[in-house]
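J.: For reference, the sequence and a predicted model appear below.
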Amino acid sequence: MTTTAQASSPGSSQGRPEHLGRVIFITAAAAMGGFLFGYDSAVINGAVGAIADRYDIGSGALGQVIAIGLIGAAIGAAIAGRIADRIGRIRVMQIAAVLFFISAIGSALPFALWDLAMWRVFGGIGIGMASVIGPAYIAEVAPKEYRGRLGSFQQAGIVIGIAISQLVNWGLLNWAGGDDRGKLMGLEAWQVMLGIMIIPAAVYGLFSFVIPESPRYLISVGKTAEAKEILVQVEGKDADLDARVGEIEHAMRSEHKSTFKDLLGGSFLFLPIVWIGIGLSVFQQFVGINVAFYYSSTLWQSVGIDPSDSFFYSFTTSIVNIIGTVIAMYLVDRVGRKPLALVGSVGMAVALAVTAWAFSYDLVDGKLPNAQGVVALIAAHTFVLFFALSWGVVVWVFLGEMFPNKIRAAALGVAAAAQWIANWAITASFPSLSDWSLTGSYIIYAAFAALSIPFVLKFVKETKGKALEEMG
């Protein structure tokens, strides 16, 4: 009995099913959408100062240009679920890759500020689509005993994308002699930073041609034989295929194609479960995490750190982000989603409050006092660590799992769209907020981290170990 229990445990290396390697490859390929999201989110960090200088714009306009891609992402997220139900998950991935590829070329070669903004919207639509289809696809192909860790591949892709983009930016800045407008290959350094995004876009597109379609989608369009072949790949040759197909068909018989109308109910517009998904998305962004990835270079320069060091600290932040994500991937199926979220909320609230305290000191010769500068750096890295080991991963896992089958695609689209809109609000407002008060900005972010604690305790239910068909 003991041996059997150990063999079947997802935390055990003994008895690990032989098909798991294939499942991991499929999941990693789908999570390349997360990599694109992370790369796009952070690569702009290296271009913020150069864009402001080249086009001679103030804080308000700069915030809008940096954040405008997120409006496109909200649109992409809102439409991805319905398109995926019509043409399949893989086709949506391919459309997203093409949009992002075109955006990378256009962003690297803008004629003016308006078309730079337009190309960022194009890329944003692709990223928004990938952000929805990634966790939905992974949840549909992953065996339930591994679904939490496999679902966290989406966030792993995001944090690796962030780290790679920061490393590339730092390398290009040094190649250009520390000048983000220095010439490289006939372009300014910041243009090259944005143009290199064609590489991950191409890789994502190529991966989409070598991974299988979701078995749930195939069954929904009557391709049961093909669905069984894929179920063998992801659940093993010992799986009872007829039983699995029957289980999926039974769940689908009680549902119809999810639409926005299905999400409506009660006196508060949406069904309660949809509001919980929206709440998770909004809190994930309102703690200010993307300030660390969109603006960290200019943030550190504003308190006296030179450009080369500020790019380096952006890179070290992204390494901490990866470490936290690995911790979350290890723990999410062991301790559950909800406990991780609560631990992260407490840690983020404290770290953000300490950062606000450090920024409250007056600059001396253009720099924070020594002690406060060190505290600010440590607290900022600690905040990213707690976010990564909790909300960075568990929100994506929750959104892939928490909704009933009959509304999953549409609800996930709405929750992801809310996430992008919240992301836009934080990203667009930070330049003006920081001009007003860095301390005040971080107090606001700390308050949202603190408010997320009672929200999780009261409204969020654990989804660990439950089959998708059990969600109600």
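T.: On my side now, so go ahead.
J.: so V397 makes contact with L150?
T.: No: when contacts are counted by CB atoms under 8 Å, V397 is not listed as touching L150 (9.3 Å). To be clear about C-beta, it is placed using only N, CA and C from the backbone, and glycine gets the same treatment.
J.: Alpha carbons of the host helix or strand of A449, as PDB, please.
T.: A449 is located in helix 438-459, with elements delineated by DSSP states H and E. Extracted in PDB, the C-alpha atoms of helix 438-459 (Å, rounded to 0.1, in the frame of the first residue of the first chain):
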ATOM      1  CA  LEU A 438       7.000  57.800  -5.200                       C
ATOM      2  CA  THR A 439       6.100  57.200  -1.600                       C
ATOM      3  CA  GLY A 440       2.400  57.800  -2.200                       C
ATOM      4  CA  SER A 441       2.400  55.400  -5.200                       C
ATOM      5  CA  TYR A 442       3.900  52.600  -3.200                       C
ATOM      6  CA  ILE A 443       1.500  53.200  -0.300                       C
ATOM      7  CA  ILE A 444      -1.400  52.700  -2.700                       C
ATOM      8  CA  TYR A 445       0.100  49.500  -4.000                       C
ATOM      9  CA  ALA A 446       0.700  48.300  -0.400                       C
ATOM     10  CA  ALA A 447      -2.900  49.000   0.400                       C
ATOM     11  CA  PHE A 448      -4.200  46.800  -2.400                       C
ATOM     12  CA  ALA A 449      -1.800  44.000  -1.300                       C
ATOM     13  CA  ALA A 450      -3.300  44.200   2.200                       C
ATOM     14  CA  LEU A 451      -6.900  44.300   0.800                       C
ATOM     15  CA  SER A 452      -6.300  41.100  -1.200                       C
ATOM     16  CA  ILE A 453      -6.000  39.200   2.100                       C
ATOM     17  CA  PRO A 454      -9.700  39.400   3.200                       C
ATOM     18  CA  PHE A 455     -10.800  39.000  -0.500                       C
ATOM     19  CA  VAL A 456      -9.000  35.600  -0.700                       C
ATOM     20  CA  LEU A 457     -10.200  34.500   2.700                       C
ATOM     21  CA  LYS A 458     -13.900  35.300   2.100                       C
ATOM     22  CA  PHE A 459     -14.400  34.600  -1.600                       C
END
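J.: buried ones in it?
T.: Within helix 438-459, the residues that count as buried by 16 or more other CB atoms under 10 Å are 438-439, 441-450, 452-453, 455-456.
J.: Greatest separation within these: which pair is it?
T.: L438 and V456 (27.8 Å; CB to CB).
J.: What's the first helix or strand after the lowest-mean-pLDDT helix or strand in the chain?
T.: Among the helices and strands of the chain, helix 2-8 carries the lowest confidence by mean pLDDT, DSSP states H and E, at a mean of 38. Downstream of helix 2-8, the next assigned helix or strand under DSSP H and E is helix 20-30.
J.: List of residues touching that following helix?
T.: Helix 20-30 has contacts (CB atoms under 8 Å, 6 or more residues apart in numbering) with 93, 133-134, 137-138, 141-143, 146, 150, 153-154, 157, 207-208, 210-212, 233-234.
J.: Can you pull out the low-pLDDT segments for this structure?
T.: 1-19, 239, 253-259, 266-268, 302-303, 307, 465-472 (pLDDT under 70).
J.: which residues sit in contact with the spatially closest residue to M185 that is not a sequence neighbour?
T.: The shortest distance from M185 to any non-neighbouring residue, by CB to CB, 6 or more residues apart in numbering, is to V192 (6.2 Å). By CB under 8 Å, 6+ apart, V192 lies in contact with A108, L172, L184, M185.
J.: The third one and A202: what is the separation?
T.: It refers to L184. Using CB to CB, to the nearest Å, one gets 21 Å for the distance from L184 to A202.
J.: Between these two, which is the more surrounded one?
T.: Each of L184 and A202 has its neighbours counted (other CB atoms under 10 Å); L184 has more, 18 against 14.
J.: what about V460, neighbour count?
T.: 20.
J.: My understanding was that it contacts G277; is that so?
T.: No: counting by CB under 8 Å, V460 does not reach G277; the two are 9.7 Å apart.
J.: which residues do the two both contact?
T.: F398.
J.: Please, where are all the helices along the stretch 301-450 of the chain?
T.: Along the stretch 301-450 of the chain, the segments classed as helices by DSSP state H, counting those that start in this stretch run 307-331, 337-359, 370-388, 391-401, 408-436, 438-459.
J.: Of all the ones you listed, which one is nearest G63?
T.: Nearest to G63, of all these, is helix 408-436, at 4.2 Å by CB to CB.
J.: Can you list the helices and strands that the closest one packs against?
T.: Packing contacts for helix 408-436, counted by 3 or more CB pairs under 8 Å, 6 or more residues apart in numbering; DSSP states H and E, involve helix 59-87, helix 113-141, helix 272-286, helix 289-294, helix 391-401, helix 438-459.
J.: can you list these in a markdown table and add distance to G246?
T.: Output for these, formatted as a markdown table (distance: least, CB to CB, whole Å):
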| stretch | distance to G246 |
| --- | --- |
| helix 59-87 | 21 |
| helix 113-141 | 16 |
| helix 272-286 | 26 |
| helix 289-294 | 42 |
| helix 391-401 | 22 |
| helix 438-459 | 34 |
